[in-house]
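[1] Sharing a sequence plus its predicted fold:
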Amino acid sequence: MERVSLYAANRMIGGSDAVVASLPARAVGTSYPDRIIHMLLTSSEPLADSDLRPILILGGSGFIGTRLAALLKDRHIPFRIGDLRKSESFPEHWSECDVRRRESLTDLVSGAAAIVNLAAAHRDDVRPISLYRETNVDGASEVCAAARCAGIQKIVFTSSVAVYGFQPAPVDESGPFAPFNEYGKTKLEAEGIYRSWAQEDPSRTLVIVRPTVVFGEGNRGNVYNLLHQIATGRFLMVGPGNNVKSMAYVGNVAAFLVHALTLGPGARVFNYVDGPDMDTRTLVAHIRHCLNRRGTNLRLPKTAALAAGHLLDAVAHLTGRTFPISAIRVRKFCESTQFRADRISQTGFVPPFSLSDGLNRTIRFDFPDKVTKASEIAVGSGSGTIVEH
């Protein structure tokens, strides 16, 4: 392998020069990739190929997993993808895997340096409902068992801010915890399984990451639905729009997952949020500006929207059909969902993109024919206002 410079080491962990310079000594352990990062920063000797053991990305064919795999590839860190669905972007790295079945994990974990588990049942309309427990809880047990057998000492697990439920004020990693659906409940239970695994051996590393709603290029989740409704002129504000939303850009989430792989022994939990938070009116105004769409003062009362959501839920239950509107989606849209993520900065991580960068990139990618030629927009720090320049 060629000798790697400080700049190359910096790029491997997905940060800036400030990230590398401020990486705490206690954060670097002795296992791979901790050892690789440490050697890159402190040694003049090149690494041997034998040092490059792969990172296993479970659920790596999905939205976040694909971005994580791309970062690892760019930084010449070998990886494997285990997923039920074939990876469209990295088919040569993919093997079929079901986290609910240990025999499906055995070959994949063998020789791996670390596991990043992104696999989850997460949609609002998963049926049967038992799939949440089978995938999120039973899957966690199987992943930990496979890690024990393979001697893997590092796991990064993506949980969710859904473990907090709806809270009246921004919450940090200490809670309180009040999950309102099976997704949040099973994610919280899975965290306990991973914590038990970490407590078995003080040399093990566990990083639990709880992202808020994640958006980005090519994703077809709730943020895309909002973008599409505005782009096509079908958006109607529900409620006054003064509720505040925490959001996360996929490019930053993937970069933090790479950074998490450099942390040393112990169990850590991080919320992931890209600030500053915006209220829904500001977010909608930002999107409308980018798409050159005029707004309307029409609003649908929250009570009416909830009634429609409950009606469609009943129809869905009777017919087996799914609808883009449900009571829980209306509630999610109208509630404030704010989370504190102060712990991340203590690790030296610097997000490569601002929140407005992420929004602009996503809009340009998904709606190239509708983007205004006007200059970029930045979200005003702390104020939730939009600054045009």
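    It's in.
[2] all helices of the chain, in order?
    Ranges of helices within the chain are 6-12, 17-22, 34-42, 63-74, 102-109, 130-132, 139-150, 182-199, 222-231, 250-260, 280-291, 302-319, 327-334, 355-366, based on DSSP state H.
[3] To residue 165, which of the ones you listed lies closest?
    helix 182-199 (6.3 Å; C-beta to C-beta). Glycine gets a C-beta too; all of them are placed from N, C-alpha and C.
[4] how much does that closest one deviate in direction from helix 139-150?
    20 degrees (axes from the mean of the first three to the mean of the last three C-alpha atoms, to 10 degrees).
[5] Show me what helix 182-199 is packed against.
    helix 130-132, helix 139-150, strand 154-158, strand 205-211, strand 266-272 (3 or more C-beta pairs under 8 Å, 6 or more residues apart in numbering; DSSP states H and E).
[6] Show me what the fourth one is packed against.
    Applying 3+ C-beta pairs under 8 Å, 6+ apart, we find strand 205-211 packed against strand 154-158, helix 182-199, helix 250-260, strand 266-272.
[7] buried residues in the second one?
    Of the residues in helix 182-199, those buried by neighbour count under the rule 16 or more other C-beta atoms under 10 Å are 182-191, 193-194, 197-198.
[8] Tabulate the helices of the chain (a markdown table), appending distance to residue 243 and mean pLDDT.
    Output for these, formatted as a markdown table (distance: least, C-beta to C-beta, whole Å; pLDDT from 0 to 100):
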| stretch | distance to residue 243 | mean pLDDT |
| --- | --- | --- |
| helix 6-12 | 38 | 35 |
| helix 17-22 | 33 | 34 |
| helix 34-42 | 40 | 44 |
| helix 63-74 | 25 | 96 |
| helix 102-109 | 41 | 95 |
| helix 130-132 | 26 | 88 |
| helix 139-150 | 32 | 98 |
| helix 182-199 | 19 | 97 |
| helix 222-231 | 13 | 93 |
| helix 250-260 | 22 | 97 |
| helix 280-291 | 6 | 93 |
| helix 302-319 | 10 | 92 |
| helix 327-334 | 6 | 86 |
| helix 355-366 | 17 | 95 |
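[9] Excluding chain neighbours, what is closest to residue 206?
    residue 198 (3.8 Å; C-beta to C-beta, 6 or more residues apart in numbering).
[10] do you know which of the helices and strands packed on helix 182-199 lies nearest residue 177?
    strand 205-211 (10.7 Å).
[11] which stretch among the helices and strands packed on strand 205-211 comes nearest residue 290?
    helix 250-260 (17.3 Å).
[12] now the angle from the closest one to helix 63-74?
    60 degrees.
[13] Restricting to C-alpha, output helix 250-260 in CSV.
    Taking Å, rounded to 0.1, in the frame of the first residue of the first chain, the C-alpha atoms of helix 250-260 are listed here in CSV:
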residue,chain,number,x,y,z
VAL,A,250,-27.7,12.0,4.9
GLY,A,251,-24.2,13.2,3.9
ASN,A,252,-23.5,14.3,7.4
VAL,A,253,-25.1,11.2,9.0
ALA,A,254,-22.9,8.9,6.9
ALA,A,255,-19.8,11.0,7.7
PHE,A,256,-20.5,10.7,11.5
LEU,A,257,-20.9,6.9,11.2
VAL,A,258,-17.4,6.8,9.7
HIS,A,259,-16.2,9.0,12.5
ALA,A,260,-17.9,6.8,15.1
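[14] how far does that helix sit from the chain's center?
    8 Å (C-alpha atoms, centre = their mean, to the nearest Å).
[15] quick one: which of the helices of the chain is nearest residue 57?
    Short answer: helix 63-74, nearest of the helices of the chain by C-beta to C-beta, at 5.2 Å.
[16] Can you list the neighbours in contact with that closest one?
    With C-beta atoms under 8 Å, 6 or more residues apart in numbering as the test, helix 63-74 has contacts from 11, 14, 55, 57, 59-60, 78-79, 81, 83, 87-90, 93, 116, 118, 158, 211, 214, 216, 218-219, 221, 250-251, 253-255, 257-258.
[17] between it and strand 154-158, how many degrees?
    In terms of direction (the same axes, to 10 degrees), helix 63-74 departs from strand 154-158 by 140 degrees.
[18] Pull out the buried residues from helix 63-74.
    Applying 16+ other C-beta under 10 Å to helix 63-74 flags 63-69, 71-72 as buried.
[19] try stretch 309-320
    By neighbour count with 16+ other C-beta under 10 Å, stretch 309-320 contains the buried residues 309, 312-313.
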